[in-house]
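**Q** kindly return the folded structure for what I paste below:
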Amino acid sequence: GCSGKGIITNYALFPGIQMSFLDMDTKGVFPSQSFENDIISINYCITGRQESFFSDGSVCYLPQMHLRINGTYVIPSSFSFPMDVYKGVSLVVEKSALDMRTRIILDSLGINLAVIEQKFKLRSRWVLIRPSDEIEKTFEFAENKAEFEIEDLRFKALEILRLVMKQDEYQDENNLYFTKDQIMQTKAIQEEMINNCQEAKKGVADIVKNYDISLSQFQKVFYQIYGDTPYSYLKCYKMNLAANMIENGKKKISDIALEIGYSNPSKFSEAFKSVYGVSPNKYRRKSE
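**A** Model (predicted):
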């Protein structure tokens, strides 16, 4: 019943082991499902980010190129996608559904699910693992899943579980969770940033002063929600507006610069080129 789209493709790889590919483009907020307490879920974000709300008022994020490991003892009440889009892959292991043959395969590869659960304390929290070359390489296949046969995905599932077994450094819990109030204040500031993006004299710091959150805390929460610094995010937003106006072809470049808050045309051209790789004039010629 939500607007937008959500495509989830599931593959049953072994008894008790399933891989899911998510391709979401929606503003919807979804209630979480309830599961038995013997599930381990491994999630990798390819694009976008996932936002999870817990009943105690805390919120956590799965950002792009990060890996999250969780059990089902700690379940959010709902989740959403703050950037609207999300692409990711999830590997779900239901321990009680594993057959003897699958257990033997896992054991032969040194994969111990009890060790994973204990090492990451999955009965009391979710764990976020920072990006690394090894993680990125392991999940490269997820971009082109259509090229893989079911047998290939079985090998990938085992490779992912081996990867998790080797992980021993993860992001501290205090850097993973934020309060609902911090999230709401940050989103309100983001909305005001967008609404006032043409006022060059009203910077981000000036807007934050009107809210009950420090600038440093705001920057930290903002990055988790939107995957960028407030200043870089606002610059990209302005340049996207400018690009649309340039493509329309009805306004002078200098007038567009003024409209989005740049009184200095050369600074506008420099900012535009940093985002689009060409000057506004060249961009217009390419669009014609």
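
**Q** contact partners of stretch 280-288?
**A** 242-243, 246-247, 249, 253, 256-257, 268-269, 272, 276, 278 (C-beta atoms under 8 Å, 6 or more residues apart in numbering). Where you see a C-beta, it was placed from the backbone N, CA and C, and this is true even at glycine.

**Q** next, the buried residues of it.
**A** 280, 283-284 (16 or more other C-beta atoms under 10 Å).

**Q** now, the contacts of stretch 280-288 that are in helices?
**A** Under the assignment DSSP state H, the contacts of stretch 280-288 contribute 242-243, 246-247, 253, 256-257, 268-269, 272, 276 to helices.

**Q** who wins for most neighbours among these?
**A** The residue in the ones in helices among the contacts of stretch 280-288 with the most neighbours, by other C-beta atoms under 10 Å, is Phe272 (27 neighbours).

**Q** coming back round to it: looking at the ones in helices among the contacts of stretch 280-288, which is nearest Ser34?
**A** Ala243 (44.8 Å; C-beta to C-beta).

**Q** wait, the closest one sits on Tyr276?
**A** Yes: between Ala243 and Tyr276 there is a contact under C-beta atoms under 8 Å: 6.5 Å.

**Q** just the buried residues of stretch 280-288 now: which is nearest Arg103?
**A** Of these, the one sitting nearest to Arg103 (C-beta to C-beta) turns out to be Tyr283, at 58.2 Å.

**Q** low-confidence bits of the stretch 101-250 of the chain, can you list those?
**A** 146, 169-176, 198-202 (pLDDT under 70).

**Q** now the helices for it?
**A** 113-119, 133-138, 150-166, 180-195, 204-208, 215-226, 230-248 (DSSP state H, counting those that start in this stretch).

**Q** which ones are touching the residue nearest to Ile135 when sequence neighbours are not counted?
**A** Counting by C-beta to C-beta, 6 or more residues apart in numbering, Ile135 lies nearest to Leu67, which is 5.4 Å off, once chain neighbours are set aside. By C-beta under 8 Å, 6+ apart, Leu67 lies in contact with 42-44, 128-129, 135, 164, 167.

**Q** do the same with Gly227
**A** Here Gly227 is in contact with 48-49, 63-64, 83 (C-beta under 8 Å, 6+ apart).

**Q** and with 7 Å instead?
**A** 49, 63-64, 83 (C-beta atoms under 7 Å, 6 or more residues apart in numbering).

**Q** and Tyr211, by the same measure?
**A** Counting by C-beta under 7 Å, 6+ apart, Tyr211 touches 185, 188-189.

**Q** before we move on, back to that, between the helices of the stretch 101-250 of the chain, which gets nearest to Pro76?
**A** helix 180-195 (11.7 Å).

**Q** name the nearest residue to the most centrally placed residue in the chain, ignoring sequence neighbours.
**A** Residue closest to the average C-alpha location in the chain (C-alpha atoms, centre = their mean): Arg49, at 1.5 Å. If the residues on either side of it in the chain are set aside, Arg49 comes closest to Pro63, at 4.8 Å by C-beta to C-beta, 6+ apart.

**Q** go ahead and confirm the one you found touches Thr47.
**A** No: judged on C-beta atoms under 7 Å, Pro63 makes no contact with Thr47 at a distance of 10.5 Å.

**Q** so between the two, which is more surrounded?
**A** Pro63 (19 against 15).

**Q** now do the buried residues in stretch 42-49.
**A** Quick answer for stretch 42-49 (16+ other C-beta under 10 Å): 42-46, 48-49.

**Q** and if you look at stretch 101-108?
**A** Applying 16+ other C-beta under 10 Å to stretch 101-108 flags 102-103, 105-106 as buried.

**Q** what would those look like in a markdown table with distance to Lys87?
**A** Formatted as a markdown table, these follow (distance: C-beta to C-beta, whole Å):
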| residue | distance to Lys87 |
| --- | --- |
| Thr102 | 28 |
| Arg103 | 32 |
| Ile105 | 29 |
| Leu106 | 28 |
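
**Q** just flag the most distant two among those.
**A** Maximum distance among the buried residues of stretch 101-108 (C-beta to C-beta): 7.3 Å, for Arg103 and Ile105.

**Q** mind listing the shared neighbours of these two?
**A** Common contact partners of Arg103 and Ile105 (C-beta under 7 Å, 6+ apart): none.

**Q** so for the spatially closest residue to Val85 that is not a sequence neighbour, what's the pLDDT?
**A** Nearest residue to Val85 in three dimensions, chain neighbours excluded: Gly48, at 4.5 Å (C-beta to C-beta, 6+ apart). At Gly48, the pLDDT value in this model is 90.
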